[in-house]
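S.K.: sequence and predicted structure, then a few things I'm wondering about:
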Amino acid sequence: MMENEVKEKAYHGQMHRIQKELMMRWYSQLDQAEETGTPVVYMMVSGNCVELLHAFGVLPVYPEINALQLAIRNQSLPALLKSEEIGYSSDNCGYVKADMGSYAMGNKSSLATKIPKPSLILCNYVGCSTYIKWFEHIADLTKAPLYMLDIPFVREDEPSSHDIHYVVRQLHEVVEILEKQTGRKLDWDHLRATVKMARQAEDLWSQVKHFAQHSPSPFDAYFDSTTLMGPLYVYRGTQDCVDFFRVTANELRERMHNGVGVVPNEKFRIVVEGPPPYPHFRVFREMLARWGACAVASTYSTVGGIWEFGFRHDPNRPLESIAEHMLNHNLANRNFLQRYAQIKRYIEEYSADALVIHSVKSCRLFSAGQGDMREYFTRDLGIPTLFVESDLEDPRYFAPAQMRNRIDAFFEALEHKKFYRQGGTA
């Protein structure tokens with residue numbers, strides 16, 4: 001076996017193996033939660049306060065993770081059809097439909113394990129108003145208490161002190177609820193330790209993100225980041241999360257130093273906007289990889305938090321930094337100009353050749369305004385931009401032949417442009 005093949009095998013053997021073990025353990029804990037009497041809190045991924053849950057020994061459940069797992073394992077369509085049967089519109093959010101349809105079919109995970117009923121539904125409303133109704137529906141079906149965290153939309157570059165104070169007051173109310181449900185007072189030293197471990201994981205995750213600035217990139221910051229996001233959101237604030245990202249950073253650093261790219265013969269460096277088409281995740285990845293296209297940055301990998309630009313949770317200000325994260329350091333609560341600036345920064349700092357926008361039919365949070373986004377980057381900045389459409393959950397909205405034709409045409413043109421820019425002749 002050649003040296004690079006050995007490194008490739010070791011890379012997949014460690015990072016992906018540990019990720020799978022961690023996520024399987026989480027599903028197992030959820031499956032046994034009712035028997036063990038472990039409290040369970042439902043939340044959304046964007047700008048979550050999982051550190052607070054870990055400080056109480058409470059298990060987090062993210063309905064959208066369950067939904068995307070159904071899609072990536074090609075199990076989403078029956079749940080989508082069931083949700084439409086019970087009254088959800090065909091153009092409702094795919095995550096909502098898959099989750100509610102799955103609940104109506106027995107509330108099983110993609111692994112056929114039990115998703116326990118919540119002790120508390122904590123709707124950390126960040127950017128996406130759909131979640132308000134989604135979590136209200138869950139509360140109605142499960143009869144669990146619902147607490148609606150009201151996170152003000154960011155109006156300036158940074159949240160005001162009033163906004164931070166407003167969110168912190170609500171977090172104190174959440175603490176009181178968790179104290180009543182668990183029967184114990186919050187150990188502030190434990191919370192600070194949890195926030196400190198979150199900070200350590202964020203440091204490592206930021207290092208991993210910056211590895212993609214190297215050419216060739218040792219990992220794909222769109223497809224691989226999706227894999228890494230599971231442990232980041234489920235385990236952030238635990239030693240398991242820190243250990244996982246330490247192993248990941250070490251392996252990717254070794255690949256980088258040895259000049260091993262995740263995409264063989266990396267030819268194009270792209271930034272990707274929008275969630276992946278989970279039902280056709282591998283197919284979409286292969287359509288890009290066959291052109292030597294590697295995603296060196298992505299907006300979707302920041303829905304739960306933006307750490308590569310410097311923000312960290314602060315153990316000396318645990319609730320305040322959790323509030324700051326919810327307010328401004330996640331993609332979903334940012335305005336369009338901030339999203340434009342984020343993508344522009346990626347293109348410049350990661351030496352990207354093009355922007356790929358994957359517009360999702362059922363996700364208005366991401367897709368609204370993406371037509372204007374394409375115009376801005378193409379016409380105003382001169383950035384080659386590919387715009388494709390499908391869905392993150394519904395396999396019926398992915399047309400493989402049409403998608404392949406659009407991708408092939410774009411990269412063929414980009415290849416010619418790059419060739420002549422480098423002084424080539426026909």
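M.R.: Good, I have the coordinates. Residues are numbered from 1 along each chain as shown.
S.K.: pretty sure Val388 is in a strand, no?
M.R.: Yes: assigned with DSSP: H, G, I helix; E, B strand; the rest coil, Val388 falls within a strand.
S.K.: so who does it touch?
M.R.: Val356, Ile357, His358, Ser359, Met403, Arg406, Ile407 (C-beta atoms under 8 Å, 6 or more residues apart in numbering). (Each C-beta comes from the backbone N, C-alpha and C, glycine too.)
S.K.: let's see that with 6 Å instead.
M.R.: Residues in contact with Val388, defined by C-beta atoms under 6 Å, 6 or more residues apart in numbering, are His358, Arg406.
S.K.: okay, and the beta partners of it?
M.R.: Assessed by DSSP bridges, Val388 has beta-bridge partners His358.
S.K.: what score does it have for pLDDT?
M.R.: pLDDT, Val388: 97.
S.K.: and it, how far is that from Gln342?
M.R.: 20 Å (C-beta to C-beta, to the nearest Å).
S.K.: same check on Phe135?
M.R.: For Phe135 relative to Gln342 (C-beta to C-beta), the value is 27 Å.
S.K.: who's more crowded, those two?
M.R.: Phe135 (25 against 20; other C-beta atoms under 10 Å).
S.K.: the more buried one touches Leu120, doesn't it?
M.R.: No: with contact defined as C-beta atoms under 6 Å, Phe135 does not count as touching Leu120 (10.8 Å).
S.K.: and the closest residue in space to Asp91 that isn't next to it in sequence, helix, strand or coil?
M.R.: Residue nearest to Asp91 in three dimensions, not counting chain neighbours: Ser362, with 6.4 Å by C-beta to C-beta, 6 or more residues apart in numbering. At Ser362, secondary structure determined by three-state DSSP is coil.
S.K.: run a quick neighbour tally on Ser362.
M.R.: Ser362: 23 neighbours (other C-beta under 10 Å).
S.K.: what sits against it?
M.R.: Listed by C-beta under 6 Å, 6+ apart, the contact partners of Ser362 are Cys93, Gly94, Asp391.
S.K.: phi first, then psi, for the first one.
M.R.: Cys93 has phi and psi values of phi -50, psi 130 when expressed as degrees, to the nearest 10.
S.K.: wait, it sits on Ile132?
M.R.: No: with contacts counted by C-beta under 6 Å, Cys93 stays clear of Ile132, the gap being 11.7 Å.
S.K.: looking at those two, which is more packed in?
M.R.: Cys93 (26 against 14).
S.K.: against Pro159, how distant is the more buried one?
M.R.: Taking C-beta to C-beta, one finds Cys93 at 26 Å from Pro159.
S.K.: give me the residue at the spatial middle of this structure.
M.R.: Ser301 (4.6 Å; C-alpha atoms, centre = their mean).
S.K.: identify the residues contacting stretch 145-163?
M.R.: Contacts for stretch 145-163 (C-beta under 6 Å, 6+ apart): 120-126, 139, 170, 326-328, 333.
S.K.: tell me the average confidence for it?
M.R.: 91.
S.K.: got the buried residues for that stretch?
M.R.: Leu146, Tyr147, Met148, Leu149, Ile151, Pro152, Val154, Pro159, Asp163 (16 or more other C-beta atoms under 10 Å).
S.K.: now swap in stretch 319-338 and tell me
M.R.: 319-334, 338.
S.K.: so what touches it?
M.R.: So stretch 319-338 is contacted by 46-47, 49, 126-128, 151, 154, 159, 163-164, 167-168, 171, 299, 302-303, 305-306, 311, 313-314, 369 (C-beta under 6 Å, 6+ apart).
S.K.: can you give me the strands in the protein?
M.R.: 40-42, 59-61, 120-125, 146-150, 268-273, 293-298, 354-360, 385-390 (DSSP state E).
S.K.: of all the ones you listed, which one is nearest Ile347?
M.R.: Nearest of the strands of the chain to Ile347, taken as C-beta to C-beta: strand 268-273 at 5.5 Å.
S.K.: got the angle between that closest one and strand 354-360?
M.R.: Here strand 268-273 runs at an angle of 30 degrees relative to strand 354-360 (axes from the mean of the first three to the mean of the last three C-alpha atoms, to 10 degrees).
S.K.: hang on, the earlier thing: drop anything exposed from the contacts of stretch 319-338.
M.R.: Judged by 16+ other C-beta under 10 Å, buried ones among the contacts of stretch 319-338: 46-47, 49, 126-128, 151, 154, 159, 163-164, 167-168, 171, 299, 302-303, 305-306, 311, 313-314.
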